[in-house]
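[1] Coordinates only, no sequence provided:
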């Protein structure tokens with residue numbers, strides 16, 4: 001294994017290899033309080049996977065968030081002592097990190113989890129990461145594009161679907177359509193077949 005480049009002050013960080021099924025689920029925003037807790041920015045509105053995982057894998061921040069980061073290189077893992085929702089935010093405490101300085105040192109790092117550790121979703125519930133990349137067709141079998149992202153608008157989620165359209169000069173251009181991810185429009189989600197069937201028309 002390559003050296004992680006760990007600083008000698010990184011108590012609790014363990015040089016690791018990112019799991020093959022690793023998924024980026026958020027990043028550490030900043031320290032929270034004075035006892036080593038951190039505040040998390042999840043990539044999903046449903047942080048259940050973050051709250052339940054006992055081990056997090058961390059990678060260096062994007063340069064735009066934390067230029068000059070040198071605390072560690074490569075991938076490290078941390079054992080989670082506790083993670084919870086507090087005032088609408090996700091906060092966490094790691095084993096071995098017990099003061100604000102240690103927590104601040106992790107500001108901006110990217111958080112990854114093994115997909116195999118996610119709690120099983122209930123019937124008619126899906127993790128956003130499982131929907132990304134699925135093909136979308138309507139009841140008539142017309143291809144509407146591929147799920148590029150999801151977004152939350154108030155009480156419901158919306159599928160952001162990328163497709164190829166024809167530009168004014170006749171060339172192919174990337175375009176996007178949005179379909180509310182609610183039962184009135186979504187007939188079926190087939191994760192195995194990588195397909196979502198919807199009651200929607202291309203010209204909506």
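    Sure thing, it's come through. This structure is a prediction, so every number in the text was calculated from the model and none was measured. Numbers count the residues shown, from 1 in each chain.

[2] Contacts for the helix or strand of the chain with the lowest mean pLDDT, please.
    Here the helix or strand of the chain ranked lowest by mean pLDDT, DSSP states H and E is helix 128-131, holding a mean of 87. Helix 128-131 is contacted by residues 23, 43, 44, 46, 115, 147, 150, 157, 159, 189, 191, 196 when judged by Cβ atoms under 8 Å, 6 or more residues apart in numbering. C-beta: built from backbone N, CA, C; applies to glycine.

[3] pLDDT, neighbour count and secondary structure added to the residues you listed, as JSON lines?
    Shown next, in JSON lines, are these (pLDDT from 0 to 100; neighbours: other Cβ atoms under 10 Å; DSSP: H, G, I helix; E, B strand; the rest coil):
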{"residue": "23", "pLDDT": "91", "neighbour count": "21", "secondary structure": "strand"}
{"residue": "43", "pLDDT": "81", "neighbour count": "16", "secondary structure": "coil"}
{"residue": "44", "pLDDT": "76", "neighbour count": "17", "secondary structure": "coil"}
{"residue": "46", "pLDDT": "72", "neighbour count": "15", "secondary structure": "coil"}
{"residue": "115", "pLDDT": "90", "neighbour count": "16", "secondary structure": "helix"}
{"residue": "147", "pLDDT": "96", "neighbour count": "22", "secondary structure": "strand"}
{"residue": "150", "pLDDT": "86", "neighbour count": "18", "secondary structure": "strand"}
{"residue": "157", "pLDDT": "86", "neighbour count": "19", "secondary structure": "strand"}
{"residue": "159", "pLDDT": "95", "neighbour count": "25", "secondary structure": "strand"}
{"residue": "189", "pLDDT": "95", "neighbour count": "17", "secondary structure": "strand"}
{"residue": "191", "pLDDT": "91", "neighbour count": "13", "secondary structure": "coil"}
{"residue": "196", "pLDDT": "98", "neighbour count": "25", "secondary structure": "strand"}
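
[4] which one of these sits closest to residue 35?
    Closest to residue 35 out of the contacts of helix 128-131 is residue 43 (25.9 Å), distances taken as Cβ to Cβ.
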